[in-house]
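Visitor: sequence-free structure coming up:
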């Protein structure tokens with residue numbers, strides 16, 4: 001499988017129960033869970049007296065991983081400090097990843113040479129050439145990923161800006177405007193997000209204003225805000241609703257945000273956004289994403305540098321069990337490998353939530369894009385084309401909820417992402433056509449969309465190849481020692497690239513990403529077709545539909561043994577990497593409770609049934625041949641092993657629908673090893689296939 005590189009990710013949600021007692025809401029904070037907690041917030045650059053004496057400040061503090069120098073002075077009873085130059089992230093090279101990259105490129109060149117020179121001289125040459133073309137398409141997705149892993153940015157371990165102590169006056173005073181767009185989300189979901197945003201700590205001198213952008217015109221939300229944050233919070237909390245939705249509106253979220261920005265906050269700067277102060281910062285949370293207490297301290301440290309237009313942080317979820325996450329909601333590969341690598345290349349990434357953005361930069365590119373349903377991906381391109389810089393801070397600073405309860409919600413979300421990418425790809429805003437984008441970034445922004453095509457083509461082709469080999473006795477290559485060696489080297493190098501990890505606990509998450517791509521190929525294909533039909537006015541244009549979100553941790557006897565094994569591997573790799581990757585090991589929260597089952601999405605289920613049936617039929621054909629020849633020949637074992645490899649994702653698909661959480665956990669654990677074993681066995685079989693002239 002090949003990675004689908006999404007330049008945006010989940011729009012998670014948080015289900016919070018609200019008990020209205022005499023009109024006062026009580027909302028549990030998701031970040032209160034020990035699993036979801038981040039490192040303790042530290043006050044950086046000064047010390048606070050706890051007995052009523054004035055704060056004690058050092059004249060300077062040394063820089064490095066814990067932060068740069070902080071210059072201080074006393075004025076009017078307050079200590080003035082200068083933030084100076086901050087270093088919340090650093091760029092590092094992974095020499096092992098560079099070796100893997102060079103090894104993959106060498107193996108790829110040798111493999112292509114052997115395929116062209118030694119494996120095409122056969123009766124069905126057209127078929128072998130077709131398979132070779134598909135292999136080359138797959139390589140176009142793997143090569144960029146190999147480069148992305150070579151150099152990446154990591155957090156330095158800085159605790160962020162100091163928390164406000166009412167005694168410190170910094171040289172830079174931000175005005176932070178927190179936007180929380182919502183539509184039909186429940187009060188319980190939205191109130192938790194608002195409370196977290198209002199109670200998170202602020203650096204000194206920061207003015208905070210929170211805007212609930214309610215497209216659903218829900219009076220209960222307004223009443224809740226008035227009751228809980230009315231008196232004493234004047235100017236800090238705003239409820240905005242009542243906009244008129246345009247006919248055939250494509251992106252309601254962007255239109256909602258722009259309504260607040262253009263008609264309320266910055267209405268006096270629409271004609272000249274360059275006059276907006278640099279200290280004006282916009283932060284967006286999806287209606288179900290709760291900030292941790294140190295969110296503002298961390299992200300605003302990045303924004304101290306006036307050259308930075310956007311800073312993004314990853315998303316974590318309280319209801320996703322990583323060991324059964326076959327739809328890759330946690331997406332460790334994206335948050336901890338792809339984005340750090342892209343950030344090192346100067347890529348600007350926005351994923352729709354948990355980011356801060358300089359208002360001047362946003363206004364200069366026309367505010368949030370409304371021409372597609374993935375406004376985050378489009379905004380990233382617009383900012384980069386305008387010459388702005390961004391940063392990715394790989395620390396989990398907010399907690400939400402992924403759409404794991406119903407299959408249709410997962411598929412709807414991934415379909416929306418695909419359609420949004422295709423809306424841009426099949427338009428004049430295609431990154432390849434943006435002349436202001438640097439050439440490398442033309443490729444990087446296009447690669448995310450191109451990977452959808454690669455995943456569909458390669459997955460479906462290699463699903464059919466084993467069946468065709470046994471059913472019609474048509475082989476994809478002319479087998480020989482040269483091909484066996486080239487295939488061994490290439491597949492081994494490909495495995496290292498696609499399964500590259502920093503710590504052992506990421507192994508399963510990266511494997512889950514490959515499984516997820518297989519399971520979602522039908523969704524990707526439908527989304528592409530629908531986008532093209534809308535382009536020629538046969539089908540209605542796709543619009544923004546919020547994802548509905550509302551599963552359990554394993555408890556069986558084998559789960560403890562599996563967990564102990566992974567913990568041991570993780571402890572070893574953590575010790576090896578701890579010095580260079582200080583903040584990339586935050587554990588994902590493990591949920592509890594039953595998992596809701598789904599009885600819709602019939603076409604998707606039929607497709608996965610056909611995939612599984614094709615694999616089973618391939619095995620049956622192979623076993624029949626074994627019975628006929630009274631022996632298991634290598635040329636029979638080869639397609640049978642690939643059929644087993646291809647059958648793993650469909651089995652997990654139906655396991656997620658019908659198996660209990662514990663059983664699904666065990667299935668994921670053992671099928672991962674079966675998948676790796678069958679792939680290894682297929683490669684070894686190449687050495688025992690007798691060369692045949694076709």
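Guide: Perfect, I can see it now. Not measured: the values here are computed from a predicted model. Numbers count the residues shown, from 1 in each chain.
Visitor: mind listing residues that contact the helix or strand hosting residue 309?
Guide: Per DSSP states H and E, residue 309 falls inside strand 308-312. Residues outside strand 308-312 that contact it (CB atoms under 8 Å, 6 or more residues apart in numbering): 299, 302-303, 339, 348-351, 354-358, 361-362, 383, 388-393. (Glycine included, C-beta is placed from N, CA and C.)
Visitor: going C-terminal from it, what's the next secondary structure element?
Guide: Next helix or strand after strand 308-312 toward the C-terminus (DSSP H and E): strand 316-317.
Visitor: neighbouring strands - and their directions - for that next one?
Guide: strand 398-400 (parallel) (DSSP bridges).
Visitor: what mean pLDDT does the strand it pairs with get?
Guide: Averaged over strand 398-400, pLDDT sits at 94.
Visitor: circling back to that earlier point, partner strands of the strand holding residue 309, with direction?
Guide: strand 355-358 (antiparallel), strand 389-392 (parallel).
Visitor: compare those and give me the one nearest residue 258.
Guide: Smallest distance to residue 258 across the strands paired with strand 308-312 (CB to CB): 13.0 Å, for strand 355-358.
Visitor: ok, residues contacting the closest one?
Guide: For strand 355-358, the surrounding residues in contact (CB under 8 Å, 6+ apart) are 176, 278, 280-284, 299-300, 302-303, 308-313, 350.
Visitor: returning to what we had before: ok, of the contacts of strand 308-312, which come out buried?
Guide: For these, a burial check counting by 16 or more other CB atoms under 10 Å picks out 299, 302-303, 339, 348-351, 354-358, 361-362, 383, 388, 390-393.
Visitor: so where's the stretch 201-350 of the chain uncertain?
Guide: Within the stretch 201-350 of the chain, the stretches with pLDDT under 70 are 231-235.
Visitor: just to revisit the earlier point, can I get the buried part of the contacts of strand 355-358 as one PyMOL selection?
Guide: In PyMOL, a selection of the buried entries from the contacts of strand 355-358 looks like this (16+ other CB under 10 Å):
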select buried, resi 176+280+281+282+283+284+299+300+302+303+308+309+310+311+312+313+350
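Visitor: I'd say residue 634 and residue 682 touch.
Guide: No - with contact defined as CB atoms under 8 Å, residue 634 does not count as touching residue 682 (10.1 Å).
Visitor: more neighbours: which of these two?
Guide: Set side by side, residue 634 and residue 682 show more neighbours around residue 682, with 21 against 14, by other CB atoms under 10 Å.
Visitor: contacting residues around the residue nearest to the more buried one when sequence neighbours are not counted?
Guide: Of all residues not flanking residue 682 in the chain, residue 641 sits nearest, at 4.0 Å (CB to CB, 6 or more residues apart in numbering). In this structure, residue 641 makes contact with 678-679, 681-682, 685, judged by CB under 8 Å, 6+ apart.
Visitor: can you tell me how far the closest residue to residue 332 other than its chain neighbours is from residue 334?
Guide: Closest residue in space to residue 332, ignoring its immediate chain neighbours: residue 509 at 3.6 Å, by CB to CB, 6+ apart. Separation of residue 509 from residue 334 (CB to CB, to the nearest Å): 10 Å.
Visitor: secondary structure element for residue 87?
Guide: Per DSSP H and E: nothing holds residue 87, as it lies in no helix or strand.
Visitor: got the phi and psi for it?
Guide: Here is the backbone geometry of residue 87 (degrees, to the nearest 10): phi -130, psi 70.
Visitor: likewise for residue 91?
Guide: The phi/psi pair for residue 91 (degrees, to the nearest 10) is phi -100, psi 130.
Visitor: pLDDT score for the residue nearest to residue 682?
Guide: pLDDT, read off for residue 641, is 96.
Visitor: do the same with residue 165
Guide: You'll see residue 165 listed with a pLDDT of 89.
Visitor: with residue 192 instead?
Guide: Confidence score, pLDDT, at residue 192: 94.
Visitor: what count of nearby residues applies to it?
Guide: Around residue 192 there are 26 residues (other CB under 10 Å).
Visitor: my guess is it contacts residue 289. True?
Guide: No - at 9.3 Å, residue 192 does not count as touching residue 289 under the criterion of CB under 8 Å.
Visitor: helices of the stretch 201-350 of the chain, start to end?
Guide: All helices of the stretch 201-350 of the chain, identified by DSSP state H, counting those that start in this stretch, fall at 219-229, 252-260, 295-303, 332-333, 339-344.
Visitor: and the angle for the third one with strand 308-312?
Guide: Per axes from the mean of the first three to the mean of the last three CA atoms, to 10 degrees, the angle that helix 295-303 makes with strand 308-312 is 140 degrees.
Visitor: try the first one
Guide: Using the same axes, to 10 degrees, the inter-axis angle of helix 219-229 relative to strand 308-312 is 100 degrees.
Visitor: residues of helix 219-229 that come out buried?
Guide: For helix 219-229, by 16+ other CB under 10 Å, it's 221, 224-225, 228-229.
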